[in-house]
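Engineer: next one to model:
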Amino acid sequence: MWYKLKLEISVFIPIYKESDILEPLLERLLNELYDEKEIFVIIDEPTERSIDLSSRMKGDVRFILNGERLGKVNALNRAVKQSIGEILLFLDSDIVIPNSSFLEAVSVEMETSEILEIKKNVLRDSFMSKITSYEFLSFNYAFWLFSHFLNRGLGVHGAAFAIRRDTFQSLGGFRSVVAEDLDLGTRSFLNDIKFKYAYNIEVQNRVPSTWKAWFEQRKRWGLGVALWVREYYRELGGSFRKHPEILIPSLFILFPSIIVFLMNAMIPNHIYLKLLSIILLFISTKQIFLLSPILLTSVGLTLIKSFVTVFCGFAVYAIIFYFFARKLNYTYNLLEFLVFYFIYNPLWFLFVITSIIGLMIWPSKMDIDWKI
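Structural biologist: As a prediction, the model looks like this:
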C-alpha cells in the first residue's frame, strides 16, 4: 500500500533521570525543515537538570515528567495515547543523528513499509565502543537479510525504529517484557507485517565505554533474550524450518562463536589426521630433525584440530565482516575484529547461554531488579 508524503511523525524519547546528549538531539530534530512532527520526551524520576531542560524547551517539545519510575514500556505506551502522528518514531536518548534530513527520510521509507528498522552505527569514542561496533554491524546485516529476502523482521533494535500507528495498535503496543523491542518485532514477524531495513538512514549510538558498564547492560539483555526464547521457542522452531536459508546465516553472524563449536564437533578426526600427515611430510622434506614428539600423539592431534578450527573460523569471519563493513559503510580494523571475535562475542554468547540455562533451572531466581 502506498501512502501520501509528509505524514505526521510522533517522536518518542524515553529517559531515566537524565541524558548527557538529549539537548543536542532535540535541537537536531527541531532544526529539521520537516514541520509535520511532534516530539515527546518521557522522563522517569527527572533530575534538576532534566527539569531545567524541560522548562527551556517546553514550547517546542512535550515533556512528560514522571515522579516515579514507570518503566520504559509503561511510559511509552502512555505517551503514544497522547500523540496524533501516523508514524511513531522511537529513539533512545543516547543517539546522534548525522543525517541532514532524518525525519524526511523516515517519512519516505515508511511509504512502503509498516515497520522500519533504521541503520545503527556506534560512536567510536572508546576502545570498548570500537569493539562493540562489530556487534552492531552483525545486527544490521541480519536486519538487511530479513528485509531483503522476507520483507519481515524477527526483531527491531529499540534505539531507533519507526512503526505505523495502526500497526502498533493492532499489535497491542509494547508488552511488559524485558526485551520489548525484540518482542514487538517478533509479533510483527508472526503477523506478516511488512518490515524494511533502511541502510541509507543512520543513527549513531553511544554504548558502554567500560567492561563493567557492558556487563551490567548484558545482564539485562541476556535475561531479555532468555525470556524471549522461552516464550517463542515453538514459533522460532517453526520459522527455522520454514526459512533456514535466512535464520541460520543470521544466527551465525550474530554469534560467530557457534561455528567454532560446530566445526570441532562435526568435522571428523580423520581429516585432521591427514592434515597432521601433511605437516609431518612437509617438515621432513625440510630436514628438520627437532620435531616435537607431541605432534605424534593424540594431544598433538587435538592441538592441531583446535588451531585449524579457530584459525579457519577467524579467517572466514574476518573476510565476511570486511565485506559487510564495506557494504554498510562501517569502519573495519582487523585487530579490533580479533578482539571482538575471540573475547567480546564469546562472552556475550556465554551470557545468553547461561541466562537461558538459569531460567530453565532456577526460574524463580531470575529476578528483574528494574522497571520494564
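
Engineer: from here on, just use CA atoms for contacts and neighbour counts.
Structural biologist: Noted.

Engineer: which parts of the stretch 51-200 of the chain are helices?
Structural biologist: 72-81, 102-109, 127-150, 165-170, 180-190 (DSSP state H, counting those that start in this stretch).

Engineer: give me the buried positions along the first one.
Structural biologist: Think helix 72-81. By 16 or more other C-alpha atoms under 10 Å, the buried positions in helix 72-81 come out as 72, 73, 74, 75, 76, 79, 80.

Engineer: mind exporting it as PDB, just the C-alpha atoms?
Structural biologist: Provided in PDB are the C-alpha atoms of helix 72-81 (Å, rounded to 0.1, in the frame of the first residue of the first chain):
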ATOM      1  CA  LYS A  72      10.100   2.200  29.600                       C
ATOM      2  CA  VAL A  73       7.200   0.100  28.400                       C
ATOM      3  CA  ASN A  74       4.500   1.800  30.500                       C
ATOM      4  CA  ALA A  75       5.900   5.300  29.800                       C
ATOM      5  CA  LEU A  76       5.900   4.800  26.100                       C
ATOM      6  CA  ASN A  77       2.500   3.200  25.800                       C
ATOM      7  CA  ARG A  78       1.000   6.100  27.800                       C
ATOM      8  CA  ALA A  79       2.800   8.700  25.600                       C
ATOM      9  CA  VAL A  80       1.600   7.100  22.400                       C
ATOM     10  CA  LYS A  81      -2.000   7.600  23.600                       C
END
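
Engineer: least trustworthy helix or strand in this structure by mean pLDDT?
Structural biologist: helix 269-285 (a mean of 53; mean pLDDT, DSSP states H and E).

Engineer: quick one: contacts for residue 84?
Structural biologist: 8, 10 (C-alpha atoms under 8 Å, 6 or more residues apart in numbering).

Engineer: any idea how far it lies from residue 75?
Structural biologist: 16 Å (C-alpha to C-alpha, to the nearest Å).

Engineer: run a quick neighbour tally on the residue nearest to residue 163 when sequence neighbours are not counted.
Structural biologist: Excluding its sequence neighbours, the residue lying closest to residue 163 (C-alpha to C-alpha, 6 or more residues apart in numbering) is residue 115, at 4.3 Å. Neighbourhood size, residue 115 [other C-alpha atoms under 10 Å]: 28.

Engineer: part of a helix, is residue 330?
Structural biologist: No: Residue 330 is assigned coil when assessed by DSSP: H, G, I helix; E, B strand; the rest coil, not a helix.

Engineer: looking at it now. What's its pLDDT?
Structural biologist: At residue 330, the predicted lDDT confidence score is 94.

Engineer: that one contacts residue 123, doesn't it?
Structural biologist: No: between residue 330 and residue 123 there is no contact, the gap being 11.3 Å when judged by C-alpha atoms under 8 Å.

Engineer: ok so, going back, tabulate the helices of the stretch 51-200 of the chain in CSV, adding columns for distance to residue 221.
Structural biologist: As requested, those are exported to CSV (distance: least, C-alpha to C-alpha, whole Å):
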stretch, distance to residue 221
helix 72-81, 14
helix 102-109, 27
helix 127-150, 14
helix 165-170, 23
helix 180-190, 10
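
Engineer: residue 249: which of the ones you listed is closest?
Structural biologist: The closest of those to residue 249 is helix 127-150. By C-alpha to C-alpha, the value is 8.2 Å.

Engineer: tell me how far the residue nearest to residue 163 lies from residue 201.
Structural biologist: From residue 115 to residue 201 the distance is 14 Å (C-alpha to C-alpha).

Engineer: specify the residue ranges that define each domain of the chain.
Structural biologist: 9-233, 254-365 (automatic domain parsing).

Engineer: quick check: chain neighbours aside, which residue is closest to residue 47?
Structural biologist: residue 17 (5.4 Å).

Engineer: quick one: residues contacting the one you found.
Structural biologist: Per C-alpha under 8 Å, 6+ apart, neighbours of residue 17: 43, 44, 45, 46, 47, 50.

Engineer: of these - the most surrounded one?
Structural biologist: residue 43 (28 neighbours).

Engineer: contact partners of the strand or helix carrying it?
Structural biologist: Assessed by DSSP states H and E, residue 43 sits inside strand 37-44. Strand 37-44 is contacted by residues 8-18, 50, 60-71, 75-76, 79, 83, 85 when judged by C-alpha under 8 Å, 6+ apart.

Engineer: would you put the C-alpha positions of stretch 188-197 in PDB?
Structural biologist: C-alpha atoms of stretch 188-197 as PDB (Å, rounded to 0.1, in the frame of the first residue of the first chain):
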ATOM      1  CA  SER A 188       5.200  -8.300  13.700                       C
ATOM      2  CA  PHE A 189       7.000 -11.200  12.100                       C
ATOM      3  CA  LEU A 190       4.400 -13.700  13.100                       C
ATOM      4  CA  ASN A 191       1.600 -11.400  11.800                       C
ATOM      5  CA  ASP A 192       3.300 -10.900   8.400                       C
ATOM      6  CA  ILE A 193       3.700  -7.200   8.900                       C
ATOM      7  CA  LYS A 194       5.900  -5.600   6.200                       C
ATOM      8  CA  PHE A 195       9.300  -4.800   7.500                       C
ATOM      9  CA  LYS A 196      12.000  -2.700   5.900                       C
ATOM     10  CA  TYR A 197      15.700  -2.100   6.800                       C
END
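
Engineer: residues in contact with it?
Structural biologist: 113-119, 143-144, 147-148, 151-155, 171.
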